[in-house]
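Visitor: the following comprises the amino acid sequence and a computationally predicted model.
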Amino acid sequence: MDTAKTEKIATEKGHWYRADGTPCHEVPRVKGDGMRPTTLADARKLGLVPSVTTILRVMARPGLEAWIQRQVLTSAVTLPRPPGASDEEYIKAIIEESREVSRAATDRGTALHAAIETRDFAGPWADHVRAVEREMKAIGLALVEGAVEKSFASPLGYGGKVDWYSRATMQGVVVDFKSKDKIEDGQKLVWDEHISQLAAYAVGLRPPVARCLNVFVGVADTRVVIVEHDTDELSRGFEIFLAALRLWQIVNRYDGMKS
């Protein structure tokens, strides 16, 4: 496996895109060597557009918020209080530990994404990759036939980078992988932001695609659940996304390529 390719996919977290769809994660430093993260001010100068995930952060995300609250509460009941620590010091320690847990979960999810996208059958995520490939094959999708990390920009003023994209069929398919700590029976997996994200990808790609799926992967149990969204769900999801996009534009006073 190409290690450099894996690291590149695993570490790219672009939030801005050029008009041709290429990511613009960083810009050169004015003083000194190297690069720095792209800012809104840079976007205004360069005519960049924000990512779908950046835009959707203006929405409440109840699933993620509940998970974060649980991490804080777990740290609160498991972290010993240092002798002599004030309430404020102890609260800060609890919050910092919960953030470390969140960062570790994010790193695991990023590594899992990279393994799936590179079809790494030799690394620590090999069982997860095999499970994803098996479940996708069961619904007629070959993991090997898709393009990974495909980026685009829409004239509506947003861009994105999809996890997996295929035009092996006339309809076209977009897949977004989501890692979970584990997947339990009856667990709510799909939230509005998941559908809105896929709907925005489907419209933003040219030509638009018809099939949109979330592939949920349990880290601890290697369980894979695939959810395909129907036309009505995607239509509603795109309406939600357009509302979020307009709110983002108003709050930031920036319309991207339309400015």
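Guide: Received, thanks.

Visitor: pull the number of nearby residues for K92.
Guide: Applying other C-beta atoms under 10 Å, we find 12 other residues in the vicinity of K92. (Each C-beta comes from the backbone N, C-alpha and C, glycine too.)

Visitor: what residues does the helix or strand harbouring Y165 touch?
Guide: Per DSSP states H and E: Y165 is located in strand 158-166. Residues outside strand 158-166 that contact it (C-beta atoms under 8 Å, 6 or more residues apart in numbering): 12, 14, 16-17, 21, 23, 48-53, 55, 113, 116-117, 141, 143, 145-153, 172-177, 200-201, 204-205, 209, 245, 256.

Visitor: show me these that map onto helices.
Guide: 52-53, 55, 113, 116-117, 200-201, 204, 245 (DSSP state H).

Visitor: who wins on neighbours among those?
Guide: The residue in the ones in helices among the contacts of strand 158-166 with the most neighbours, by other C-beta under 10 Å, is A200 (30 neighbours).

Visitor: tell me the pLDDT at A60?
Guide: On pLDDT, A60 comes in at 85.

Visitor: what's the helix or strand for it?
Guide: Take DSSP H and E as the rule and A60 turns out to sit in neither a helix nor a strand.

Visitor: center of the chain - which residue?
Guide: By C-alpha atoms, centre = their mean, the mean C-alpha position of the chain lies nearest to T53, the distance being 6.5 Å.

Visitor: skipping its backbone neighbours, what lies nearest that residue in space?
Guide: Q197 (6.8 Å; C-beta to C-beta, 6 or more residues apart in numbering).

Visitor: mean confidence for the strand or helix carrying the one you found?
Guide: Per DSSP H and E, Q197 falls inside helix 192-204. Mean pLDDT, helix 192-204: 97.

Visitor: sheet-wise, list the partners of the following helix or strand past that helix with their directions.
Guide: For helix 192-204, the following helix or strand on the C-terminal side (DSSP H and E) is strand 211-218. If you go by DSSP bridges, strand 211-218 pairs up with strand 173-180 (parallel), strand 224-229 (antiparallel).
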